[in-house]
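**Q** Predicted coordinates and the sequence they were generated for:
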Amino acid sequence: MKQAQQGFTLIELVMVIVILGILAAVALPRFVDLKTDAALSAVQGTAGALSSASAINYSVCSARGTGGTNCIRLNAATAGDVLVTGGALTGGLPATITITTDATCAAQPAGTAVLITLSNSASTPASTAQATVLCTG
């Protein structure tokens, strides 16, 4: 009479462990670096929001004049700071994101594009992104 197989052999178990080890070694580095990717995405998203808020502000100022309602006049040396403190971004900048290089709109005509550099200190090294701000004159 034949006996029925009752379990896995030692070789089968070792092979499964080896395959799982290889998969873990390949997949683990991809998941470990998520914090850096998240910090970079956060600063890029904030830069995009600041650029979009600037474009909306410029169109409002163009339509209503620089003294009009809801126009944040960007004609000073710190365009990004004025835009953020003026309420263009609801809630301001996230806690870990700062303006590292602000642009100047002083003596710039309306519609001039200037670059602002944002930095996210949540990653090492800090993630940076640039936002384009339109001066209102």
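**A** Perfect, I can see it now. Residues are numbered from 1 along each chain as shown.

**Q** would residue 70 count as being in a helix?
**A** No - applying DSSP: H, G, I helix; E, B strand; the rest coil, one finds residue 70 to be coil, outside a helix.

**Q** and the gap between it and residue 96?
**A** 29 Å (CB to CB, to the nearest Å). C-beta coordinates here come from the backbone N, C-alpha and C atoms, glycine included.

**Q** With neighbour numbers in mind, choose between the two.
**A** Neighbour totals were compared for residue 70 and residue 96, and residue 96 leads with 16 against 12 (other CB atoms under 10 Å).

**Q** That one touches residue 39, doesn't it?
**A** Yes - Residue 96 is in contact with residue 39 according to CB atoms under 8 Å; the separation is 7.5 Å.

**Q** joint contacts of these two?
**A** Both residue 96 and residue 39 are in contact with 120, 122, where contact means CB atoms under 8 Å, 6 or more residues apart in numbering.

**Q** got a list of contacts for the helix or strand of the chain with the lowest mean pLDDT?
**A** In the chain, no helix or strand scores lower on mean pLDDT, DSSP states H and E than helix 79-85, which sits at a mean of 86. Contact partners of helix 79-85, identified using CB under 8 Å, 6+ apart, comprise 50, 53-54, 57, 72-74, 76, 89, 92-93, 99, 102-105, 114, 116, 131, 133, 135.

**Q** Just the buried residues out of the residues you listed, in PyMOL syntax.
**A** In PyMOL, a selection of the buried entries from the contacts of helix 79-85 looks like this (16 or more other CB atoms under 10 Å):
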select buried, resi 50+53+54+57+72+73+74+89+93+99+102+103+105+114+116+131+133+135
